[in-house]
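[1] turn this into a structure:
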Amino acid sequence: MTALESIQELKTRMSASIIGQDALIERIILVLLANGNMLLEGLPGLAKTRAIKTLAKQLDCGLSRIQFTPDLLPSDVTGTEIYQPESAEKFLFQKGPIFSNLILADEINRSPAKVQSALLEAMEERQVSVAGKTYPMDPLFMVMATQNPVEQEGTYPLPEAQMDRFLMHVIISYPDDASELKILRLNREEQHAAKEQEHKKLSPEVVFEARKEIAKVKISEAMEKYIVDIISATRYPDKYNKELDAWVDFGASPRGSIAIDRAARTHAWMQGKDFVEADNVRAIVHDCLRHRLILSYEANAEGVTPDMVLTKILEEVAVLA
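    Numbers count the residues shown, from 1 in each chain. Down below sits the predicted model:
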């Protein structure tokens, strides 16, 4: 079985457990293959936690769940040094929950920026520095953070530097009526099931093999220019449209163009293609950039969202042959 076939089977297995959230399943697998991190936003009960747990069940890897609360400390995430008088080194580092493969940072905006920043080095450099020593993460590593868009009392907005380190910011909504009916039946079946069906877990080597194949996906100079033009439109919107200029205060950083490039190549590979098309770029632009834009006071007053801005940009920016 090829790496692509294995990933497609993984997607099928996850779809059987997570009903009505096909877009979420595709995105979580895409972010894993692209070696990135994901911020997931949605109302309670929309399978955010279930999604990452289901992925961990299908993969032969570890999962750590960190419940972010106002009294959480950075050392509760990264770990700390413990004094051991009987040991030769005296101080031994006890690793925190961040030292796993899949990290569920549940309700990340419940903790202040000091605690949120404990994830920064691990998300970007894939390492953690404590007491002058650096500890590398496992090669298979992904942070999936969740936040509730409605209940804002007692929450702390994520700093821009933290947001910029998420490859994608995915927003999920309610399932349709047909999916809701399937969810009811699935829940009933799970309650009466004596034992969960055993199956062979997917080896992390399949993910690494997929990443090697994704690295070989070709992207033309025209597509590269298209990505750069989209990013440029977020920074200098006055070149394209006066309305856009009034809406955007700050555009995407170079991490934005890197994120689009990685996500578009992964998206193309998941479709069985060895080259990137404009449709692959357009399919992932909103998820890659919505958290990297800072809108103006005027835009917020008019109820303009980042998605509306990005849709307008895609209408204005042309693909050069």
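[2] what's around residue 16, how many residues?
    9 (other CB atoms under 10 Å). Backbone N, C-alpha and C define where each C-beta goes, glycine included.
[3] report the secondary structure state of it.
    When classified by DSSP: H, G, I helix; E, B strand; the rest coil, residue 16 comes out as helix.
[4] then residue 105?
    Residue 105 ends up strand, using three-state DSSP.
[5] residues near it, how many?
    Counted with other CB under 10 Å, residues neighbouring residue 105 total 30.
[6] low-confidence ranges, the stretch 1-150 of the chain, go.
    Within the stretch 1-150 of the chain, the stretches with pLDDT under 70 are 88.
[7] how about the spatially most central residue of the chain, nearest residue that isn't a chain neighbour?
    Residue closest to the average C-alpha location in the chain (CA atoms, centre = their mean): residue 38, at 1.2 Å. Excluding the flanking residues, the one nearest residue 38 by CB to CB, 6 or more residues apart in numbering is residue 31, at 4.4 Å.
[8] pull the contacting residues for the residue nearest to the centre of the chain.
    27-28, 31, 142-145, 166-170 (CB atoms under 8 Å, 6 or more residues apart in numbering).
[9] what do you get if the cut-off is 7 Å, keeping everything else the same?
    Applying CB atoms under 7 Å, 6 or more residues apart in numbering, we find residue 38 in contact with 27-28, 31, 144, 166-168, 170.
[10] type out the PyMOL command that picks the buried ones from the residues you listed.
    Selection of the buried residues among the contacts of residue 38 in PyMOL, burial being defined by 16 or more other CB atoms under 10 Å:
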select buried, resi 27+28+31+144+166+167+168+170
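[11] out of the contacts of residue 38, what pair is the most spread apart?
    By the measure CB to CB, 28 and 166 form the most distant pair in the contacts of residue 38, at 12.6 Å.
[12] in the stretch 101-250 of the chain, which spans are helices?
    Counting by DSSP state H, counting those that start in this stretch, one finds helices in the stretch 101-250 of the chain at the ranges 113-116, 120-125, 160-163, 177-192, 204-215, 221-235, 242-247.
[13] neighbouring contacts of the longest one?
    With CB under 7 Å, 6+ apart as the test, helix 177-192 has contacts from 19-20, 175.
[14] buried set for stretch 105-121?
    Buried residues in stretch 105-121 (16+ other CB under 10 Å): 105-111, 115-116, 118-119, 121.
[15] and which of the residues you listed is nearest residue 81?
    residue 118 (15.0 Å).
[16] ok, the residue nearest to residue 165 when sequence neighbours are not counted - how many residues close by?
    In this structure, residue 165 finds its nearest non-sequential neighbour in residue 123, 4.6 Å apart by CB to CB, 6+ apart. Residues contacting residue 123 under the criterion other CB under 10 Å number 22.
[17] return the distance of stretch 6-24 from the chain's centre.
    Put simply, stretch 6-24 sits 16 Å off its chain's centre (CA atoms, centre = their mean, to the nearest Å).
[18] likewise for stretch 109-119?
    Worked out by CA atoms, centre = their mean, stretch 109-119 lies 17 Å from the chain centre.
[19] same question for stretch 213-230.
    21 Å.
[20] touching that stretch from outside, list them.
    By CB under 7 Å, 6+ apart, stretch 213-230 touches 3, 33, 257, 260-261, 265-266, 268-269, 274-276, 278, 281, 285, 313, 317, 319-321.
[21] list the buried residues in that stretch.
    In stretch 213-230, the ones that count as buried by 16+ other CB under 10 Å are 214, 217, 219, 223, 226-227, 229-230.
[22] quick one: neighbours of residue 313, just the number.
    Other residues within reach of residue 313, judged by other CB under 10 Å, total 24.
[23] my error: substitute residue 87 in the last question.
    So residue 87, with other CB under 10 Å, has 10 neighbours.
[24] repeat that for residue 59.
    By the criterion of other CB under 10 Å, residue 59 has 20 neighbours.
[25] surely it meets residue 200?
    No: taking contacts as CB atoms under 7 Å, residue 59 lies outside contact range of residue 200: 11.2 Å.
[26] just to revisit the earlier point, now the buried residues of stretch 105-121 in CSV, with distance to residue 90?
    Listed next are those as CSV, based on distance: CB to CB, whole Å:
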residue, distance to residue 90
105, 32
106, 35
107, 37
108, 34
109, 38
110, 35
111, 31
115, 27
116, 31
118, 24
119, 28
121, 25
